[in-house]
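Chemist: give me coordinates for this.
(one chain, ligands or ions: 2)
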Amino acid sequence: MNNQAPVPEFAAIIVAAGKGLRVGGEKPKQFREWRGKPVLRHSVKALLNAGCDRIVVVAPKGMHDEASHAAGSNDALMIVDGGKTRQQSVMAGLEALVSLPPEYVLIHDAARPDLPQEVIERLLRALETHPGAIPTLPVVDSLAVCGEGNVMDGKADRDTLRRVQTPQAFRFADVVAAHRAWRGQPNAGDDAQVLSASGGSVALVDGDERLKKITFAEDFSEPMAAPQYRIGQGYDVHRLQAGEELWLCGIKLEHDKGLSGHSDADVALHAITDAVLGAIGNGDIGTHFPPSDPQWSGARSDQFLAHAVKLAGESGYAIGNIDLTIICEAPKIGPHRPQMRTRVAEITGTDETVVSIKATTTERLGFTGREEGIAAQAIVGLTKSA
Ligand code: CTP
Ligand code: MG
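Modeler: Ligands and ions are numbered 1, 2, ... in the order given. Model prediction:
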C-alpha cells in the first residue's frame, strides 16, 4: 500500500479445500511446491504484506496439518473445514469471521499464488464506492457460441465480456447476507455472482495475468527464463615445433617455431571458441570439429570461432566481452596486440573495445617456460540479444 492512503481494515478467506483433480498427483495442488514455496503460502504472504490482519484458510476436511504447514505459521491465520463445493467452502470461511466481523473481506483462490499488491490496492479502493469489486481482464480473442455437434451457433460480443479472477473483495456484511440469501439455489460460479444476484453492485477493476489459476499439471512446470548474462571459460595448449607456422588470434607471426596440431593450432582462438561454447552449454570445439574428421586438417581456426558465435546467436546471445590470456615465453605478444584485437573483433563480429588480449610468461617454469608449448585461457561474457 502507498504511504498516503491508510490501509482499511480487511480480512481474507483463502479457499484451499479443493481436490485439485485436474492437476492430479499425490496431494492437492495448493499444498505442492511452486517457485520455492507451497502454493498456498504465496497468497498468505501477499495478503499479510498488504496489511491483512486475519486470514481464514479453508482446508479439506482432515487436512489441517497439511494446510497449516503449507500456509506457514502466523498469528493472523485460522484454519477451518471446507465443503463439497467452492461455494460451501467460501461460506465456511465467512461463518468463521461472523463473530468478529471485519469491514471488508477478500475471498481468494489458493490456486492463484501470484497475487500482486497493486491488485489488492485497486480492489480495496473500489470498495469505498461499491459493496463488491473483482479483478477482470479483457477478452482478446473473438468468441463463438458452441452449438450441438461442435458447430458454431452465433457469436458473442467480446467487448462486453471480461475474464474474472480472484481475490474478490466485498463489504463483509453485504457478502454474508448475499450468500445466506443464495442458499438452496444452484452452485454459483463465484462470489461476485452471488452478490450481484442479491442486487449488490460489483465494480470491475484491472486484473493481472500473473493471477492465472494453476489448473492443469503443466501449470507447475514453467519454462526457465533465459538469464540476462552467461559466462564461459576455455583453455587450450599446443606444442611448439620447428617447421610449423605460428598462428595466434587469427594472425600469422614470424617466429623460429610454430604450433603443431590438427588444424592451424591457433591456441588463442581455440580457448575463445571453447569459452563461447561453454557459455551456451553446447559442448566444446572437439564436439563440433572432431580432430578425427579429415575436413578439419590444417583448417583455419577463425571458422571455429565464427561458428561458435553463430551458435550463441541462435541461442539468443551476443558477445558481451572477451578476456584472453596467452601464456608463453616467446614470441613477445605486446607488439602484435592491436592487430590481434582487431582480428578477434572481426571474427566475432564485435567491437575491439570489448576484446581484451593479455599475455604472461611463467618465469621460465614448466612447459611454457621451456618453450615447449603455448597455452591460452579465455573468459567470455554473453548478453541476451535484444
Ligand atoms: N475449492 C475449495 N473447496 C472446494 C472446491 C474448490 O476451497 N470444494 C478451492 C480450491 O482449493 C481452489 C479454488 O477453490 O483454490 C478454485 O477451484 P479449482 O481451481 O477448481 O480447484 P480444485 O477444485 O481443487 O481443482 P479441480 O477442479 O481440478 O479438482
Ligand atoms: Mg474445482
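
Chemist: around the closest residue to residue 291 other than its chain neighbours, how many other residues sit close by?
Modeler: Nearest non-adjacent residue to residue 291, counting by C-beta to C-beta, 6 or more residues apart in numbering: residue 262, 4.3 Å away. C-beta coordinates here come from the backbone N, C-alpha and C atoms, glycine included. Applying other C-beta atoms under 10 Å, we find 17 residues neighbouring residue 262.

Chemist: what residues are up against residue 262?
Modeler: Residue 262 makes contact with 291, 296, 297, 298 under the criterion C-beta atoms under 8 Å, 6 or more residues apart in numbering.

Chemist: considering those residues, which possesses the most neighbours?
Modeler: Going by other C-beta under 10 Å, residue 296 tops these with 19 neighbours.

Chemist: what sits against that one?
Modeler: Neighbours of residue 296 in contact, by C-beta under 8 Å, 6+ apart: 262, 263, 289, 290.

Chemist: ok, now with 6 Å
Modeler: Going by C-beta atoms under 6 Å, 6 or more residues apart in numbering, residue 296 touches 263, 289.

Chemist: need the pLDDT of it.
Modeler: The model reports residue 296 with a pLDDT of 88.

Chemist: that one and residue 266: what is the separation?
Modeler: With distances taken as C-beta to C-beta, to the nearest Å, residue 296 is found 13 Å from residue 266.

Chemist: same question for residue 342.
Modeler: 15 Å.

Chemist: one more: residue 33?
Modeler: Distance from residue 33 to residue 266, by C-beta to C-beta: 49 Å.

Chemist: the more surrounded of these two?
Modeler: residue 266 (30 against 11).

Chemist: give me every residue that touches the more buried one.
Modeler: Counted by C-beta under 6 Å, 6+ apart, residue 266 has contacts 247, 301.

Chemist: report pLDDT for it.
Modeler: At residue 266, pLDDT is 98.

Chemist: same question, residue 292
Modeler: For residue 292, the model assigns a pLDDT of 88.

Chemist: so it belongs to a strand, correct?
Modeler: No - counting by DSSP: H, G, I helix; E, B strand; the rest coil, residue 292 falls outside a strand, being coil.

Chemist: please enumerate the helices of this protein.
Modeler: All helices of the chain, identified by DSSP state H, fall at 39-49, 64-71, 86-98, 117-126, 172-182, 191-197, 267-279, 285-288, 302-314, 337-348, 366-369.

Chemist: I'd like to know how far the nearest residue to residue 93 once chain neighbours are set aside sits from ligand 1.
Modeler: Nearest residue to residue 93, sequence neighbours excluded (C-beta to C-beta, 6+ apart): residue 13, at 3.4 Å. Using C-beta to the nearest ligand atom, to the nearest Å, residue 13 is found at 9 Å from ligand 1.

Chemist: residue 13 bridge partners, please.
Modeler: Residues in a beta bridge with residue 13, per DSSP bridges, are residue 56, residue 107.

Chemist: could you tell me which residues of the stretch 151-300 of the chain lie near ligand 1?
Modeler: Contact residues (C-beta under 6 Å from any ligand atom) of the stretch 151-300 of the chain with ligand 1: 213, 215.

Chemist: where is the longest strand in the chain?
Modeler: When the chain is parsed with DSSP state E, its longest strand is strand 229-242.

Chemist: give the rounded mean pLDDT of that strand.
Modeler: 98.

Chemist: does residue 82 really touch residue 17, like I thought?
Modeler: Yes - using C-beta atoms under 6 Å, residue 82 is in contact with residue 17, at 2.3 Å.

Chemist: which of these two has more neighbours?
Modeler: Taking neighbours as other C-beta under 10 Å, residue 82 and residue 17 compare with residue 17 leading, 27 against 24.

Chemist: roughly how far does the spatially closest residue to residue 40 that is not a sequence neighbour sit from ligand 1?
Modeler: The shortest distance from residue 40 to any non-neighbouring residue, by C-beta to C-beta, 6+ apart, is to residue 70 (4.2 Å). Counting by C-beta to the nearest ligand atom, the separation of residue 70 from ligand 1 is 11 Å.

Chemist: count the neighbours of residue 70 for me.
Modeler: Number of residues near residue 70 (other C-beta under 10 Å) recorded here: 24.

Chemist: that'll do, ta.
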